[in-house]
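Visitor: pasting the sequence and the predicted coordinates here, then a few questions.
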Amino acid sequence: MAERIPIGADHAGFALKERLKSELGAMGYEVDDVGTTSEDSVDYPDFAHRVADRVERGEARRGILLCGSGLGMSYAANRHHGVRAAIAWSPEIARLSREHNDANVLVLPARFIEADEGVEILRTWLETSFEGGRHVRRVEKIEPESE
């Protein structure tokens with residue numbers, strides 16, 4: 001069964017989201033588009049929470065978010081327990097976010113990358129595994145300890 005990946009964007013990320021949906025489908029993934037559905041202005045947290053909720057609850061292993069800078073989406077998504085949303089503006093950053101930080105949500109800054117770059121970043125992120133080792137201890141320290 002194909003991995004189902006939720007993807008969401010605000011108005012600034014809408015066009016790139018549509019391109020990435022096609023790429024994901026071509027790569028054999030099932031796409032769960034949580035919106036938005038146009039370039040009309042919307043509030044980015046609505047879509048960040050939809051994707052992050054699915055990852056937090058274990059309904060999806062990974063998710064993808066897009067907005068103008070990537071910042072707002074990452075702030076909102078990282079409020080969810082167990083979500084490690086990483087903004088990636090290059091394939092190298094995408095690779096490191098997976099290898100060293102086990103990022104489970106990719107956030108793309110749609111106003112700062114070209115569509116072909118976005119596709120390359122996405123492919124790199126999806127194809128890179130968590131390195132484990134010394135990084136496990138560091139990733140475990142991201143979540144605050146309960147009192």
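Guide: Perfect, I can see it now. These numbers were taken from a predicted model, which means no experiment stands behind them. Residues are numbered from 1 along each chain as shown.

Visitor: the strands in the protein, which residues?
Guide: Along the chain, counting by DSSP state E, strands occupy 4-9, 30-33, 63-67, 85-87, 105-109.

Visitor: highest mean neighbour count out of these?
Guide: strand 63-67 (a mean of 29; mean count of other C-beta atoms under 10 Å). In short, each C-beta sits where N, CA and C put it, glycine included.

Visitor: burial count for residue 113?
Guide: By other C-beta atoms under 10 Å, 19 other residues sit near residue 113.

Visitor: re the thing from before, could the strands of the chain go into CSV alongside distance to residue 132?
Guide: Listed next are the strands of the chain as CSV, based on distance: least, C-beta to C-beta, whole Å:
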stretch, distance to residue 132
strand 4-9, 22
strand 30-33, 27
strand 63-67, 21
strand 85-87, 17
strand 105-109, 19
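
Visitor: kindly reformat the ones you listed as JSON lines containing distance to residue 97 and mean pLDDT.
Guide: Shown next, in JSON lines, are the strands of the chain (distance: least, C-beta to C-beta, whole Å; pLDDT from 0 to 100):
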{"stretch": "strand 4-9", "distance to residue 97": "16", "mean pLDDT": "98"}
{"stretch": "strand 30-33", "distance to residue 97": "21", "mean pLDDT": "98"}
{"stretch": "strand 63-67", "distance to residue 97": "12", "mean pLDDT": "99"}
{"stretch": "strand 85-87", "distance to residue 97": "4", "mean pLDDT": "98"}
{"stretch": "strand 105-109", "distance to residue 97": "8", "mean pLDDT": "99"}
